[in-house]
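Undergrad: fold the stuff below for me.
(one chain, ligands or ions: 2)
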Amino acid sequence: MSTDSPKTYSIKNYGCQMNVYDGERMAEMFESQGMTPADEKANADLVVLNTCHIREKAAEKVYSEIGRLRRKDGSSPVIAVAGCVAQAEGGEISRRAPEVDIVVGPQAYHNLPEMVAAVGRGERVVDLDLPGLDKFGKLPARRKQAPSAFLTVQEGCDKFCTYCVVPYTRGAEISRSWSELLDEAKAIVDAGAKEITLLGQNVNAWDGEDDKGQMQGLDGLIRALDKIPGLRRIRYMTSHPNDMTEGLIAAHGDVEKLMPFLHLPVQSGSDRILKAMNRSHSRDSYMRILDRVRAVRPDIAFSGDFIVGFPGETDADFEDTMRLVREVGHAQAYSFKYSPRPGTPAAEMPDQIPMHVMDERLQRLQAQIVADQTSFNERTVGRTCDVLLERPGKFTGQLIGKSPWLQSVHVLAPDLSIGNIVTVQITDSGPLSLKGEPTMRAAA
Ligand code: SAM
Ligand code: SF4
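TA: Ligands and ions are numbered 1, 2, ... in the order given. Have a look, this model is predicted:
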């Protein structure tokens, strides 16, 4: 590493949206210290690898990335490994990769400026404290926002699914306060966002006292956000089925800004496997939640997460998952091969499933998900909906935005700009995106 204090930074995010949010907050912090983003990672004075430990070979990927940061003259930038791999591997990282200067867990990154200063004094720093929500009070104010912004409302998890490392790397479930969240949401909207996606490992476990001292759940928070002028859309992810309260389901029926999209992981369609996973919901209780949401919001689009090849999963268990997928007909879904995480109970279970069986099951599952997604997209052709324009497309005058159901929509609209909300008629669809033609311009 160089000993001058860094002037440029680069942040590489791995994994989930919560890491993207953390990466944005780190960038704001570095910029408030006078640093600027590097044009390329290779030229940065400070590189942060903001890691994820959920699935396979996460640590190995980080070590090979660290190797690539070494410059031809043998020097390297100041390197910080942040996020869940940092939390899980701890000091082992700097033992295996001596060029790493800072190892910082997901709850301690607000200390990065002091850590960088300590590195300048020749120290190496490891900070893996999990001090609750301290960091949020210590981060600088929100700055310019894209039309769609993330807002972390809750962190950690107490549910201890037997395959999952999150309760160990992110700590216990903890909610940010009502007033802090409303202030941050207003700041995000003032800085240009039209849509806010509320984030949490179990976002619908959020709870807290409102300004009148009444206990509220996520639905109460959503209803308060609904009143922010200028905020046009609200989304939330990732939810746990057990925290889908009546109030939250009702909000899908009567809060207009809450978009008709629900990401609700189920993981498996087999009750036997759900029990072994310690999911504390059954196939049937899960399906009943979807029915209740559909009853209040008939056009709701469902998304989910699936794990194939959990230890002991038989062909019959997997067929139960396929049956559930066909019954739901997802608008999109994420599916993963089970990956044993060191220290989790499932990693020690007998009957680990061979890789070729997991590969075959994943292929079948993903083929079904793509077919369902394609037909969901086809069913939107001919409909009229609002699209929030988020980025430029490949062609002159083309912009890409999101439909209420989180589909990407390509719109040819040379007179519109990023951040506009435009009403379009959907004219064409593919498995991954739609095309739309503006019918009228909604209020920006
Ligand atoms: N809290 C959410 C829930 O309970 O559904 C999920 C959050 S988790 C960070 C994101 C997804 O990663 C999970 O839904 C699961 O499908 C996947 N995942 C977690 N651990 C995994 C493992 N060991 N192997 C494969 N996929 C895993
Ligand atoms: Fe992991 Fe979600 Fe289970 Fe928590 S509820 S242990 S984050 S999969």
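Undergrad: from now on I want contacts and neighbour counts done on CA atoms only, so please keep to that.
TA: Will do.
Undergrad: in which helix or strand would I find L198?
TA: Assigned by DSSP states H and E, L198 belongs to strand 195-199.
Undergrad: give the next helix or strand downstream of that strand.
TA: The element immediately downstream of strand 195-199 (helix or strand, assigned by DSSP H and E) is strand 207-209.
Undergrad: thinking again about what came up before, and the strand holding L198, how far out from the chain middle?
TA: Centre-to-centre, strand 195-199 and its host chain are 10 Å apart (Cα atoms, centre = their mean, to the nearest Å).
Undergrad: so where is the stretch 1-150 of the chain shaky, pLDDT-wise?
TA: Along the stretch 1-150 of the chain, segments meeting pLDDT under 70 span 1-3.
Undergrad: which positions in the stretch 201-350 of the chain make contact with ligand 1?
TA: 201-202, 238-240, 265, 267, 305-307, 336-341 (Cα under 6 Å from any ligand atom).
Undergrad: pull the most distant pair out of these.
TA: S239 and P340 (22.5 Å; Cα to Cα).
Undergrad: do a quick rundown of the helices in the stretch 201-350 of the chain.
TA: Along the stretch 201-350 of the chain, the segments classed as helices by DSSP state H, counting those that start in this stretch run 218-225, 246-254, 271-276, 283-296, 315-328.
Undergrad: so is the shortest one next to ligand 2?
TA: Just to be clear, that refers to helix 271-276. No: with Cα under 6 Å from any ligand atom as the criterion, ligand 2 is not reached by helix 271-276; the gap is at least 10.9 Å.
Undergrad: in that helix, which residues are buried?
TA: For helix 271-276, the buried set under the neighbour-count rule, 16 or more other Cα atoms under 10 Å, comprises D271, I273, L274, A276.
Undergrad: how about stretch 280-292?
TA: S282, R283, Y286, M287, I289, L290.
Undergrad: tell me the one of these nearest A191?
TA: Nearest to A191 out of those is L290 (Cα to Cα; 35.0 Å).
Undergrad: do you know how far the closest one is from S375?
TA: To S375, L290 is 19 Å away according to Cα to Cα, to the nearest Å.
Undergrad: just checking, N50 touches N19?
TA: Yes: with contact defined as Cα atoms under 8 Å, N50 and N19 form a contacting pair (6.8 Å).
Undergrad: what do those two both touch?
TA: N13, G83 (Cα atoms under 8 Å, 6 or more residues apart in numbering).
Undergrad: which of these two has more neighbours?
TA: More neighbours surround N50 than the other of N50 and N19, with 27 against 21 (other Cα atoms under 10 Å).
Undergrad: give me the three-state assignment for that one.
TA: Three-state call for N50 (DSSP: H, G, I helix; E, B strand; the rest coil): strand.
Undergrad: ok, it - contacts?
TA: With Cα under 8 Å, 6+ apart, N50 has these contacts: I11, K12, N13, Y14, N19, G23, V81, A82, G83.
Undergrad: so what sits opposite it in the bridge?
TA: N13, A82 (DSSP bridges).
Undergrad: skipping its backbone neighbours, what lies nearest S375 in space?
TA: With Cα to Cα, 6 or more residues apart in numbering as the criterion, S375 has its nearest non-adjacent residue at 7.9 Å, and that residue is P431.
Undergrad: isn't the one you found up against I369?
TA: No: the criterion here is Cα under 8 Å, and P431 misses it with I369 at 10.0 Å.
Undergrad: can you pull the buried residues of the helix ranked longest in the chain?
TA: If you go by DSSP state H, the chain has its longest helix at helix 355-380. Neighbour counts over helix 355-380 (16+ other Cα under 10 Å) mark 358, 361-362, 365-366, 368-378, 380 as buried.
Undergrad: residues touching the residue nearest to L198 when sequence neighbours are not counted, list them.
TA: Once flanking residues are discounted, L198 sits nearest to Y236: 4.4 Å by Cα to Cα, 6+ apart. For Y236, the contacting residues are T197, L198, L199, V203, L262, by Cα under 8 Å, 6+ apart.
Undergrad: repeat for P392
TA: Contacts for P392 (Cα under 8 Å, 6+ apart) come out as Q398, L399, I400, I418.
Undergrad: rerun at 6 Å
TA: Contact partners of P392, counting by Cα atoms under 6 Å, 6 or more residues apart in numbering, are L399, I400.
Undergrad: enumerate the residues of the chain near ligand 2.
TA: Residues of the chain lying close to ligand 2 (Cα under 6 Å from any ligand atom) are C157, K159, F160, C161, C164, V166, P167, Q201.
Undergrad: can you tell me how far the closest residue to the first one other than its chain neighbours sits from ligand 1?
TA: Pointing back at C157 there. Once flanking residues are discounted, C157 sits nearest to E173: 4.3 Å by Cα to Cα, 6+ apart. According to Cα to the nearest ligand atom, to the nearest Å, E173 stands 11 Å off from ligand 1.
Undergrad: repeat for K402
TA: 22 Å.
Undergrad: hey, what's that residue bridged with?
TA: Counting by DSSP bridges, the residues bridging with K402 are L388, S408.
Undergrad: list the contacts for it?
TA: V387, L388, S408, V409.
Undergrad: from those, keep the buried residues only.
TA: The neighbour-count test (16+ other Cα under 10 Å) marks V387, L388, S408, V409 as buried among the contacts of K402.
Undergrad: turn these into CSV, including pLDDT.
TA: Formatted as CSV, the buried ones among the contacts of K402 follow (pLDDT from 0 to 100):
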residue, pLDDT
V387, 97
L388, 97
S408, 98
V409, 98
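Undergrad: which one of those residues is nearest to ligand 2?
TA: Taking Cα to the nearest ligand atom as the measure, S408 is the one of the buried ones among the contacts of K402 closest to ligand 2, at 26.3 Å.
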